[in-house]
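S.K.: Quick one, fold the following:
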Amino acid sequence: MKDKLFIIGKVIGLIVFILALSLMGMASGKPIMVLAFAGFFAIVMFFFFQFVKRNQRHFEIISQSNPKVMKALGIVIMLVAIATPVLTIANMSIIDFGVTKVGNGILAMIIAITIALIAGGIYAAYLINKAGSTKISRILGYVIVIVLSAVPALLVIPYDRTTTGIGSVYYVATLVAILSWWGFSLYLNKD
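M.R.: This is a model prediction of the structure:
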């Protein structure tokens with residue numbers, strides 16, 4: 001019975017996660033985009049679980065994947081993660097910029113900030129998880145994560161103080177974090 005409840009809990013958690021991310025579609029102003037986002041994230045999760053299922057460690061480890069393909073896939077996923085905020089801001093009205101036009105300069109700045117946040121997150125995870133890390137380095141890693149998690153809100157508050165604007169930015173930030181970590185993990189995967 002415990003196994004069935006565990007599986008039911010995991011499925012419910014997955015459904016809630018997909019529904020939460022699908023609410024990013026509301027930023028487009030078209031309700032049908034919520035279904036489109038839900039479909040997209042359901043497909044991404046399906047492929048993610050297939051990848052995990054195929055690469056699950058058992059008693060006998062047999063590598064069935066080509067490391068070069070995994071590295072290339074990791075790079076592609078990281079590039080998608082970097083491009084996600086730019087594509088979202090250029091194609092959706094999640095932030096009210098007022099009279100400010102979203103030009104190439106702003107988009108380039110968003111790419112630079114996204115890369116810096118991803119690099120900071122990877123460095124923080126390294127400080128927290130490295131073998132033989134001291135308590136001070138772990139605390140520093142957690143402080144970096146806390147500071148980095150405040151950056152999206154601090155960047156959007158001058159333009160849009162609404163909960164919709166700030167919440168939408170955090171939906172995008174969550175998607176970037178998931179995709180970048182997945183891509184980075186695939187790139188560093190050592191079978």
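
S.K.: CA atoms of stretch 110-118 as PDB?
M.R.: Only the C-alpha atoms of stretch 110-118 are listed here, as PDB (Å, rounded to 0.1, in the frame of the first residue of the first chain):
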ATOM      1  CA  ILE A 110      18.900  39.900 -20.700                       C
ATOM      2  CA  ILE A 111      21.100  37.200 -22.300                       C
ATOM      3  CA  ALA A 112      24.200  38.500 -20.300                       C
ATOM      4  CA  ILE A 113      22.200  38.500 -17.000                       C
ATOM      5  CA  THR A 114      20.800  35.000 -17.800                       C
ATOM      6  CA  ILE A 115      24.300  33.600 -18.400                       C
ATOM      7  CA  ALA A 116      25.600  35.300 -15.200                       C
ATOM      8  CA  LEU A 117      22.800  33.800 -13.100                       C
ATOM      9  CA  ILE A 118      23.300  30.300 -14.600                       C
END
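
S.K.: For Ile82, which non-adjacent residue is closest in space?
M.R.: Take Ile82 and drop its neighbours on the chain: the residue closest to it by Cβ to Cβ, 6 or more residues apart in numbering is Thr114, 5.4 Å away. Just so you know, the C-beta spots here come from the backbone N, C-alpha and C atoms, and that holds for glycine as well.

S.K.: element containing the one you found?
M.R.: Thr114 is part of helix 104-129 when elements are defined by DSSP states H and E.

S.K.: Now do the buried residues in that helix.
M.R.: By 16 or more other Cβ atoms under 10 Å, the buried positions in helix 104-129 come out as 110, 114, 117-118, 121, 124, 127-128.
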